[in-house]
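> Sequence first, then the predicted structure:
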Amino acid sequence: QQQVKQSPQSLIVQKGGISIINCAYENTAFDYFPWYQQFPGKGPALLIAIRPDVSEKKEGRFTISFNKSAKQFSLHIMDSQPGDSATYFCAGGAGGTSYGKLTFGQGTILTVHP
Amino acid sequence: EAQVTQNPRYLITVTGKKLTVTCSQNMNHEYMSWYRQDPGLGLRQIYYSMNVEVTDKGDVPEGYKVSRKEKRNFPLILESPSPNQTSLYFCASRRPLVGGNEQFFGPGTRLTVL
């Protein structure tokens, strides 16, 4: 079963616009929510991550918004640039007996037009 | 340079011909993992290893084997590949959980089974 559902599958944004990708999770044991960025021909790389004790985390143009009660979190990319064009994956992770395993969403292909 | 390496990067083979994809990391990480990436399904964990000689199944282990005889290496073995194992494979490693959950991914191996 897909424990992390990500939408949309693909997203096209104009340069300077805001890109928004949403994720919903089911496993209440998740205590770590990262976003990974993947460029063509490369492996995913950590972009930004949040723990459930805060509702928002911002790093430069990238912001995670987290809603624990709704079990949802989202990635906002402000002032989107063509260099942001990539595939984005959200994930949920749990410690304890899950040993920090990450469960990934389906991925979103972002295209930013110049 | 801290990195995860995989070989080969591309492989075309035929049904039933045993193959091994190697993975090596130079960060002294204890935790290593294999994922497969398929369109619309995101990244799914195949096997993981908490340390030398300690391995366990992920979400999609059928048709795969792994071994962890040395800390730095974690090969993925397909003893009798089938066309449904055509996919993009990633190896990843992680620092001890107390130090954070970030996983470092290799560049990927694109496998085609005819």
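Nice, I can see it.
> okay, residue 9: pLDDT?
No chain in the question, so chain A it is. According to the prediction, residue A:9 has pLDDT 96.
> You answered for a different chain; I wanted chain B.
Per-residue confidence (pLDDT) for residue B:9: 97.
> what's around it, how many residues?
Neighbour count of residue B:9, defined by other Cβ atoms under 10 Å in any protein chain shown: 13. Placement of C-beta: from N, CA and C, glycine included.
> just residue B:27 next, same as before
Neighbour count for residue B:27, taken as other Cβ under 10 Å: 12.
> Just list the residues touching it, thanks.
By Cβ atoms under 8 Å, 6 or more residues apart in numbering or on different chains, residue B:27 lies in contact with B:2-4, B:93, B:95, B:104.
> Go again with 6 Å.
Residue B:27 is in contact with residue B:2, counting by Cβ atoms under 6 Å, 6 or more residues apart in numbering or on different chains.
> Quick check: which helices or strands does the host helix or strand of residue A:35 pack against?
Using DSSP states H and E, residue A:35 sits within strand A:33-38. Applying 3 or more Cβ pairs under 6 Å, 6 or more residues apart in numbering or on different chains; DSSP states H and E, one finds that strand A:33-38 contacts strand A:45-50, strand A:86-94.
> Tabulate these (CSV), appending distance to residue A:3, mean pLDDT and mean neighbour count.
Output for these, formatted as CSV (distance: least, Cβ to Cβ, whole Å; pLDDT from 0 to 100; neighbours: other Cβ atoms under 10 Å in any protein chain shown):
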stretch, distance to residue A:3, mean pLDDT, mean neighbour count
strand A:45-50, 17, 94, 17
strand A:86-94, 7, 94, 24
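> Can you say which of those is nearest to residue A:63?
Taking Cβ to Cβ, strand A:45-50 is the member of the helices and strands packed on strand A:33-38 nearest to residue A:63, at 8.0 Å.
> quick check, the closest one touching chain B?
Yes - with Cβ under 6 Å from any Cβ of the partner chain as the measure, strand A:45-50 is seen reaching chain B through residue A:46.
> Compute the distance from the centre of that strand to the centre of its chain.
How far strand A:45-50 lies from its chain's middle: 8 Å, per Cα atoms, centre = their mean, to the nearest Å.
> Parallel or antiparallel, list what pairs with the next helix or strand after that strand.
Next helix or strand after strand A:45-50 toward the C-terminus (DSSP H and E): strand A:56-59. Counting by DSSP bridges, the strands paired with strand A:56-59 are strand A:62-67 (antiparallel).
> partner strands of the helix or strand following the partner strand, parallel or antiparallel?
Downstream of strand A:62-67, the next assigned helix or strand under DSSP H and E is strand A:72-77. Here strand A:72-77 has these sheet partners by DSSP bridges: strand A:19-25 (antiparallel), strand A:62-67 (antiparallel).
> for those strands, which one ends up most surrounded?
Across those, the average number of neighbours (mean count of other Cβ atoms under 10 Å in any protein chain shown) peaks for strand A:19-25, which reaches a mean of 20.
> residue of chain B with the smallest distance to chain A?
Nearest residue of chain B to chain A (Cβ to the nearest Cβ) works out as residue B:105 at 3.2 Å.
> Now do the same contact list for that residue.
Counting by Cβ under 6 Å, 6+ apart, residue B:105 touches A:43-44, B:90, B:92.
> Which one (most neighbours) among those residues?
Counting neighbours by other Cβ under 10 Å, residue A:44 comes out on top of those with 28 neighbours.
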